[in-house]
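Visitor: here is the input, now give the coordinates:
(2 chains)
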Amino acid sequence: MISRIPTFTIAVLALCIASSKVDTLASLFVYDRAAIFRGEVWRLVTSHFVHFGDMHLIYNVVVFGVIGWIIEHKGHKHFKLLCVLMACSISAILLIFKPNMIYFGGLSGIVCGSIAYCSLLCLRESSPWRTIAIFSIIFLIVKIGLETYNNGSLLPYWGAQDFVSIPLSHIAGSLTAFTAFIALRGLELIQNKSDSDNALVLNECQQ
Amino acid sequence: MSLMDEVSKHFKKYEFVKEIELIPSPYLTEKGSFANLDQIRTMYGVDVIALLSYDQTQFTDEGLASMTYWTIIGAYIIPGEKNDTHTMVDAVVYDVQSRKMLFRAPGISHIKGLATPVNLNEELRADSIQGFKEASAEVVKNLDIQLDLFKEKIKEQPEAYKVVHKPGYTGGGSLDISFIIFLLISGVYWLLMKRKQKA
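Guide: Predicted structure coming up:
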């Protein structure tokens, strides 16, 4: 039972709330283009914990809480590694493709990637998870497509939005998750094949 | 200035509007053209300028009821003066640098009223103020419509308009309510299916 407590998800949520509420942490963690080029590379990962308002924080934290809890509850491996990978790839892509953007914050790229990863994993399961996974993938593709077309949030944003919405972070997160899923699945297949080969050799030796 | 103030208040709500400067008419010179707008652009640091112009015409005609004026009392109590007030307020939005008109929105008001010869001027003033109010409200409404159409136009003609953010802007990775709605629907579906499987 203890292993089913989503410790990683809770830790990320706690960091998000702390980083968004404590100004010192926010200034230390936020994506600051100039600071990153000065060598403060931890911002590539930590920037995703920082949020620029209550609604910005609530939307991201609620969805990540649910998705992270599902992934951890199901005992899927590599979630922590995937989150770090997504954080780095999103920030790197923003560094390259958004040179005019000085500051960035928000967990949504990682959330989109987590939804994509969770959905791809759940495709192998039986209904209702499989059905939900199919609809999640369709929803994600349509949502990101429309956001990119609109260059901003799809639905009106409640509350003050003191930042420019960046759909590119969602694309980067989802693509990283997809690539990681394919790579991990490939590794699993290679591992299974070598295990079965070893078992065959062992059987032959025993005979 | 009050009309400009009203229009500016309405547009401050948009996240792509960083700041609105109200520039009084004396800064615009007659036949100043874009050279004048360029000066204003440099002076105030504005990218886009919305030029507001207005025109109002009032007509007064005497109706059949004006015959009662011969009774002298009638001139005080019978409204035999027919007033027409036509007001037009026009807003044109220009990108000063590219010298391109982005969109325009008119606001028109037509007020008909009656007055006695004694309170004619008072009624005309009231109609004039009401005319401006109605026309400005229509300008604001039409500007919203034109702005939405302009957004569509940008998407349809990406080669004609390039959307750029000012250097130094802050970006955010943000989700909207649609994700939460989707999660709720998925949760309800999951619960229903689980119950069905148990049954």
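
Visitor: pull the number of nearby residues for the closest residue to chain A within chain B.
Guide: When scored by Cβ to the nearest Cβ, chain B has B:Gly173 as its residue closest to chain A, at 3.2 Å. The C-beta positions use only the backbone N, C-alpha and C, and glycine is treated the same way. As a burial measure, B:Gly173 scores 30 neighbours (other Cβ atoms under 10 Å in any protein chain shown).

Visitor: got a list of what it touches?
Guide: A:48, A:60, A:90, A:104-110, A:166, A:169-170 (Cβ atoms under 8 Å, 6 or more residues apart in numbering or on different chains).

Visitor: now do A:Asn192: how many residues are near it, please.
Guide: Close neighbours of A:Asn192, defined as other Cβ under 10 Å, add up to 10.

Visitor: quick one: is the host helix or strand of it near chain B?
Guide: Using DSSP states H and E, A:Asn192 sits in helix A:167-206. Yes - shown here: helix A:167-206 in contact with chain B (Cβ under 8 Å from any Cβ of the partner chain) through A:Ser169, A:His170.

Visitor: report pLDDT for B:Tyr44.
Guide: pLDDT for B:Tyr44: 83.

Visitor: same question but for A:Tyr157, I mixed them up
Guide: At A:Tyr157, the model reports a pLDDT of 63.

Visitor: all strands of chain A, in order?
Guide: For chain A, applying DSSP state E gives strands covering A:31-32, A:101-105, A:164-165.

Visitor: give the partner strands of the helix or strand hosting B:Ala91 in its sheet and their orientations.
Guide: Assigned by DSSP H and E, B:Ala91 falls within strand B:81-95. When pairs are called by DSSP bridges, strand B:81-95 turns out to pair with strand B:48-62 (antiparallel), strand B:100-115 (antiparallel).

Visitor: most neighbours per residue, which of those strands?
Guide: strand B:100-115 (a mean of 16; mean count of other Cβ atoms under 10 Å in any protein chain shown).

Visitor: can you name the next helix or strand after it?
Guide: Remark: after strand B:100-115, the chain's next helix or strand is helix B:120-156, criterion DSSP H and E.

Visitor: any residue of that following helix up close to chain A?
Guide: Yes - using Cβ under 8 Å from any Cβ, we find that helix B:120-156 touches chain A at B:Lys155.

Visitor: residues of that helix that come out buried?
Guide: For helix B:120-156, the neighbour count (16 or more other Cβ atoms under 10 Å in any protein chain shown) marks B:120, B:123-124, B:126-128, B:131-132, B:134-136, B:138-140, B:142-143, B:146-147 as buried.

Visitor: dump the strands paired with strand B:81-95 to a markdown table, plus mean pLDDT.
Guide: Output for those, formatted as a markdown table (pLDDT from 0 to 100):
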| stretch | mean pLDDT |
| --- | --- |
| strand B:48-62 | 90 |
| strand B:100-115 | 90 |
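
Visitor: where in chain A is the helix or strand with the lowest mean pLDDT?
Guide: One helix or strand of chain A scores below all others by mean pLDDT, DSSP states H and E: strand A:164-165, with a mean of 82.

Visitor: phi and psi next, for the residue of chain A found nearest chain B.
Guide: Closest to chain B within chain A is A:Gly106: 3.2 Å, counting by Cβ to the nearest Cβ. Here is the backbone geometry of A:Gly106 (degrees, to the nearest 10): phi 130, psi 140.

Visitor: what's the spacing between the closest residue to it other than its chain neighbours and B:Ser25?
Guide: Distance criterion Cβ to Cβ, 6 or more residues apart in numbering or on different chains; nearest residue to A:Gly106, sequence neighbours excluded, is B:Gly173 at 3.2 Å. B:Gly173 sits 44 Å away from B:Ser25, going by Cβ to Cβ, to the nearest Å.

Visitor: likewise for B:Lys133?
Guide: B:Lys133 sits 20 Å away from B:Ser25, going by Cβ to Cβ.

Visitor: so what's the spatially most central residue of chain A up against?
Guide: Nearest to the mean C-alpha position of chain A, counting by Cα atoms, centre = their mean, stands A:Ile110 at 2.4 Å. By Cβ under 8 Å, 6+ apart, the residues touching A:Ile110 are A:His48, A:Phe64, A:Cys83, A:Met86, A:Ala87, A:Ile90, A:Gly173, B:Gly173.

Visitor: between these, which sits nearest A:Asn203?
Guide: Of all those, A:Cys83 has the smallest distance to A:Asn203: 40.5 Å, by Cβ to Cβ.

Visitor: what about that closest one, how many neighbours?
Guide: A:Cys83 has 26 neighbours, counted by other Cβ under 10 Å.

Visitor: I'd guessed it sits against A:Val12; true?
Guide: Yes - at 7.2 Å, A:Cys83 counts as touching A:Val12 under the criterion of Cβ atoms under 8 Å.

Visitor: now the strands paired with strand B:81-95 in a markdown table, with distance to A:Arg38?
Guide: Output for the strands paired with strand B:81-95, formatted as a markdown table (distance: least, Cβ to Cβ, whole Å):
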| stretch | distance to A:Arg38 |
| --- | --- |
| strand B:48-62 | 35 |
| strand B:100-115 | 40 |
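
Visitor: identify the residue nearest residue 101 in space, chain neighbours excluded?
Guide: This is for chain A. Counting by Cβ to Cβ, 6+ apart, the residue nearest A:Met101 is B:Gly171, at 4.5 Å.

Visitor: my question was about chain B
Guide: Sequence neighbours aside, B:Tyr94 is the residue nearest to B:Met101 in space, at 5.5 Å (criterion: Cβ to Cβ, 6+ apart).

Visitor: burial count for that neighbour?
Guide: B:Tyr94 has 19 nearby residues by other Cβ under 10 Å.

Visitor: which residues does it bridge with?
Guide: Beta-bridge pairing of B:Tyr94 under DSSP bridges involves B:Ile49, B:Met101.

Visitor: pLDDT score assigned to it?
Guide: Per-residue pLDDT puts B:Tyr94 at 88.

Visitor: A:Leu140 and B:Thr57, how far apart?
Guide: With distances taken as Cβ to Cβ, A:Leu140 is found 58 Å from B:Thr57.

Visitor: no further questions, thank you.
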